[in-house]
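In: Build me a model from this:
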Amino acid sequence: MLQVHIPGGEFYDESTQTFVDMKPRTIVLEHSLLSVSRWESKWHKSYMNAENLSDEENFDYIRCMCIDQNIDKELLLRIPLSERIRIRDYITDSMTATTITNRKKDSRPAKKEIITSEIIYYWMVFYNIPFECEKWHLNRLLMLIQVCSIKEGSHEKMSRKDNLAMRRALNASRKAKTGSRG
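Out: Model prediction:
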């Protein structure tokens with residue numbers, strides 16, 4: 001969850017053509033499967049595969065992320081740029097310590113699948129992931145699904161060459177972090 005602070009102040013209301021005094025507010029956002037599902041039900045397209053979202057679509061996704069669903073659109077338009085940057089960073093954060101190395105080197109380009117909220121719900125059902133996880137940060141949920149997929153197919157062993165290469169890379173990384181020579 002992310003708390004976003006919206007400053008107060010005097011703002012011009014075009015509908016009444018008057019200045020209105022607004023109090024500062026804090027809203028709580030959650031980038032989750034539930035938020036994506038809300039957004040996709042309105043826009044009828046995949047959020048995960050969407051490129052170049054309009055300002056209206058971006059603001060609407062922020063509205064869908066709000067824990068309190070009764071947020072006024074005018075309030076969202078007052079979110080300062082610094083908070084919008086925090087929201088973007090929150091959405092792109094992995095929210096996990098898990099990293100996955102690609103063990104198979106396939107020269108064929110991967111077929112780009114359109115991923116919708118229903119596909120992710122399907123994966124949750126397939127891997128017996130409880131539906132409470134729909135409120136997790138989306139990137140964390142996707143990492144769990146990826147881990148389940150790898151573990152399901154992990155019956156094949158890593159080749160000796162790949163195992164040694166992975167260990168060399170890990171050791172080099174640890175040496176660089178600690179500044180030691182071995």
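
In: ok, now which ones touch the closest residue to E134 other than its chain neighbours?
Out: Excluding the flanking residues, the one nearest E134 by C-beta to C-beta, 6 or more residues apart in numbering is L33, at 4.3 Å. Just so you know, the C-beta spots here come from the backbone N, C-alpha and C atoms, and that holds for glycine as well. In this structure, L33 makes contact with S117, I120, Y121, C133, E134, K135, W136, L138, L141, judged by C-beta atoms under 8 Å, 6 or more residues apart in numbering.

In: Can you tell me how far L33 is from E40?
Out: L33 is 10 Å from E40, where distance means C-beta to C-beta, to the nearest Å.

In: Are there residues contacting both of the two? Which ones?
Out: S117.

In: pLDDT below threshold where in this protein?
Out: Applying pLDDT under 70 to the chain picks out residues 102-111, 154-159, 162-182.

In: the strands in it, which residues?
Out: 2-6, 9-13, 18-22, 25-29 (DSSP state E).

In: Columns mean neighbour count and distance to M95 on top of those strands, output as a markdown table?
Out: Listed next are the strands of the chain as a markdown table, based on neighbours: other C-beta atoms under 10 Å; distance: least, C-beta to C-beta, whole Å:
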| stretch | mean neighbour count | distance to M95 |
| --- | --- | --- |
| strand 2-6 | 16 | 11 |
| strand 9-13 | 11 | 33 |
| strand 18-22 | 11 | 32 |
| strand 25-29 | 16 | 13 |
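
In: Tell me which of the ones you listed sits nearest to L53.
Out: L53 sits nearest to strand 25-29 of all these, at 16.3 Å, using C-beta to C-beta.

In: thought Y12 was touching F19?
Out: Yes: Y12 is within contact range of F19, at 5.6 Å (criterion: C-beta atoms under 8 Å).

In: Would you mind measuring from the nearest residue to H5 once chain neighbours are set aside to T116?
Out: Excluding the flanking residues, the one nearest H5 by C-beta to C-beta, 6+ apart is T26, at 5.3 Å. According to C-beta to C-beta, T26 and T116 sit 31 Å apart.

In: okay if I get the strands of the chain as TSV plus distance to I85?
Out: Output for these, formatted as TSV (distance: least, C-beta to C-beta, whole Å):
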stretch	distance to I85
strand 2-6	11
strand 9-13	20
strand 18-22	22
strand 25-29	13
